[in-house]
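S.K.: just the structure for this:
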Amino acid sequence: MEEIRTSPGGVRVFSVDKFKTARLSLLLAVPANGREMVENLLLLLCARRGTEVYENLAAINRRLDDLYAATLSCRHFMDGDRQVLGFTAEYIEPDFLPDATDTAAGVAEVLAQLLLHPKREADGTLLRGTVAREKQDLVDSIRARRNDTRTYADTRCRELFFAGEPNDPSLLWSDETVLSVTPEELTVRREVLLRDACISFFYTGREAEEAVRRRLTEVFGRLCDRCEISLPVRTERGIRPVQCAEEALPVTQSVLSIGYRAPLSCVMGGCDYEAFLLLNEMLGVMGTNRLFLRVREQMGLCYSIGSAIDCKEAALFVSCGIRAQAYEAVRRAIGDEIRAIAEGRFTDEELAAAKQSVDNSLMQLEDSPGAKEAFIYTRLLDGLPIGVAPFRFSVAAVDRDAVMWVASALAEDTVFFLRGTQESEEETEDQEETEAYVDDEV
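M.R.: Okay, the predicted model is just below:
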């Protein structure tokens with residue numbers, strides 16, 4: 001199978017002197033591959049439970065406290081057909097400390113312990129008790145998603161949308177799959193992950209690049225040079241019949257989640273990628289987006305509404321909270337707004353506002369090390385230029401025709417409706433008023 005290779009890995013240093021804290025991220029990227037995604041996630045969760053030097057989570061936290069309350073967070077997200085997992089630490093720069101505590105070296109050592117030296121049984125297997133606890137915690141988290149109807153509906157829509165594809169969410173969020181993983185499987189998977197993953201280090205802070213590279217090389221050795229990741233070349237997906245699914249829950253507010261597909265060419269180069277961003281901004285993101293102003297405010301069909309895109313998959317999702325009776329009207333209204341953009345029935349002022357909204361977000365990257373890291377890393381994974389300024393110019397250069405073309409390429413693919421079976425107080429009052437009115441007329 002033909003493959004593409006990109007080089008997002010290695011050590012990348014962003015020298016800034018506007019913050020008193022530094023940020024160091026250790027990220028591993030691997031191709032998404034069914035059950036392995038679950039195993040990778042469990043490895044990440046188990047790593048925080050203890051290492052050869054730090055016996056348990058409490059010991060890790062004590063060490064972080066010794067480093068002037070450094071913080072450590074687990075990272076896990078999907079980026080197209082890639083699974084990314086790792087850790088991010090934030091700590092006070094040594095220049096601002098009252099003593100000679102080397103917080104930078106201390107944080108690097110903790111990260112190395114988490115990645116390279118997990119606590120094991122006498123036979124070398126990962127601790128069985130730790131694995132069992134993390135499996136149960138993950139299963140509880142998966143089952144608890146049903147309590148958040150908006151999140152649950154959006155997840156179910158994506159599961160149907162990506163079913164059968166490498167990044168199928170149902171493979172990752174299956175409690176049956178999680179419970180079937182064994183400590184022995186995780187032990188083997190850990191070795192494969194360290195052998196094959198593309199490993200990236202991102203440092204943002206005041207320290208010189210050479211000093212950062214030297215320290216990380218001393219602690220992690222050749223892992224600092226694991227730069228490349230290979231992925232199969234995606235084949236274009238044809239338009240398929242719309243798939244609809246419905247579930248009922250004893251809640252008052254129903255949720256409608258719709259997924260639309262566009263050709264992969266929309267995001268594989270050229271200005272279509274930027275046009276896709278602007279389409280989403282104008283449709284359901286910026287403060288004066290069309291879905292909010294028309295479907296919610298003017299037509300009064302929903303309680304809340306918004307859109308989101310998966311640029312790597314050329315997918316757009318619309319999610320809204322509605323009354324069950326409004327299902328058909330809302331679905332039709334959303335399609336009408338997309339068609340309106342495709343036909344050019346939007347003003348130059350709307351497009352300018354969308355560009356300004358995206359540009360404001362890009363300008364704010366300089367004030368958020370985490371957001372800038374995410375922007376650069378996801379573009380590195382795709383082999384795209386990482387400069388923020390050139391990207392701002394390319395967004396500003398998008399014209400009406402490009403946005404119209406992307407909108408016309410969208411096709412409804414998946415519709416998931418979470419039907420609320422309980423009447424709200426508002427609906428009950430309306431019904432009582434109607435019945436009283438009928439009685440008076442009689």
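S.K.: the stretch 301-442 of the chain: helices as residue ranges?
M.R.: With helices called from DSSP state H, counting those that start in this stretch, the stretch 301-442 of the chain shows them at 327-342, 348-363, 369-381, 388-396, 400-409, 425-441.
S.K.: which one of those helices lies nearest to L127?
M.R.: For the helices of the stretch 301-442 of the chain, proximity to L127 was assessed by CB to CB; helix 369-381 is nearest, at 31.0 Å. The C-beta positions use only the backbone N, C-alpha and C, and glycine is treated the same way.
S.K.: and the contacts of that closest one?
M.R.: Helix 369-381 is contacted from outside by 6-8, 12, 14, 16, 19, 23, 25, 27, 29, 79-80, 82, 84, 88, 200, 202, 204, 229, 362, 364-366, 385-386, 388, using CB atoms under 8 Å, 6 or more residues apart in numbering.
S.K.: let me know the pLDDT of the residue most central in space within the chain.
M.R.: The chain has F77 as the residue nearest its centroid, 5.0 Å off, counting by CA atoms, centre = their mean. According to the predicted model, the pLDDT of F77 comes to 92.
S.K.: do the same with M299
M.R.: With respect to pLDDT, M299 has a value of 95.
S.K.: if I pick it, what's in contact with it?
M.R.: Going by CB under 8 Å, 6+ apart, M299 touches A329, A333.
S.K.: so which of the helices of the stretch 301-442 of the chain comes closest to E274?
M.R.: helix 388-396 (4.8 Å).
S.K.: ok, residues contacting the closest one?
M.R.: 271, 274, 277-278, 355, 358-359, 362-363, 365-366, 372, 375, 385.
S.K.: quick revisit: from the contacts of helix 369-381, which land in helices?
M.R.: L362, V388 (DSSP state H).
S.K.: excluding chain neighbours, give the residue nearest to A333 in space.
M.R.: Among residues not flanking A333 along the chain, V295 sits closest, at 4.8 Å (CB to CB, 6 or more residues apart in numbering).
S.K.: hmm, the one you found is touching R331, no?
M.R.: No. V295 sits out of contact with R331 when judged by CB atoms under 8 Å, with a separation of 10.3 Å.
S.K.: who has more neighbours out of those two?
M.R.: Counted by other CB atoms under 10 Å, V295 and R331 do not tie: V295 has more neighbours, with 26 against 20.
S.K.: contact partners for that one?
M.R.: By CB under 8 Å, 6+ apart, the contact list for V295 reads L301, C302, I305, C320, V330, A333, I334, E337.
S.K.: can I get these in a markdown table including neighbour count?
M.R.: Converted to a markdown table, the contacts of V295 look like this (neighbours: other CB atoms under 10 Å):
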| residue | neighbour count |
| --- | --- |
| L301 | 21 |
| C302 | 25 |
| I305 | 24 |
| C320 | 28 |
| V330 | 25 |
| A333 | 20 |
| I334 | 26 |
| E337 | 23 |
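S.K.: related to what we said a few turns ago, which of the contacts of helix 388-396 sits closest to L216?
M.R.: The nearest one, if we look at the contacts of helix 388-396 relative to L216 and count by CB to CB, is K372, at 19.3 Å.
S.K.: just the pLDDT for that closest one.
M.R.: K372 is assigned a pLDDT of 91 by the prediction.
S.K.: now the one 4 residues further on
M.R.: Note on I376: pLDDT of 89.
S.K.: what about it, distance to F220?
M.R.: Using CB to CB, to the nearest Å, one obtains 20 Å as the distance from I376 to F220.
S.K.: now R296
M.R.: From R296 over to F220 the distance is 50 Å, taken as CB to CB.
S.K.: now do P169
M.R.: Going from P169 to F220 by CB to CB gives 31 Å.
S.K.: can you pull out the low-pLDDT segments for the chain?
M.R.: Using pLDDT under 70 as the threshold, the predicted model of the chain has low-confidence ranges 1-9, 226-236, 238, 267-271, 424-442.
S.K.: change it to 80
M.R.: Within the chain, the stretches falling below the threshold (pLDDT under 80) are 1-10, 15, 166, 171, 224-239, 264-271, 382-384, 423-442.
S.K.: how's it carved up into domains?
M.R.: Listed by the TED database, the domain ranges of the chain are 4-225, 243-426.
S.K.: relative to R237, which of the ones you listed is closest?
M.R.: Smallest distance to R237 across the domains of the chain (CB to CB): 6.7 Å, for domain 243-426.
S.K.: and the residue nearest to E165 when sequence neighbours are not counted, how far is that from Y377?
M.R.: The spatial neighbour of E165 that comes closest, neighbours along the chain excluded (CB to CB, 6+ apart), is D81 at 7.8 Å. Taking CB to CB as the measure, D81 falls 15 Å from Y377.
S.K.: same check on L291?
M.R.: Relative to Y377, L291 is positioned 30 Å away (criterion: CB to CB).
S.K.: who has more neighbours, those two?
M.R.: Per other CB under 10 Å, whichever of L291 and Y377 has more neighbours is L291, with 24 against 19.
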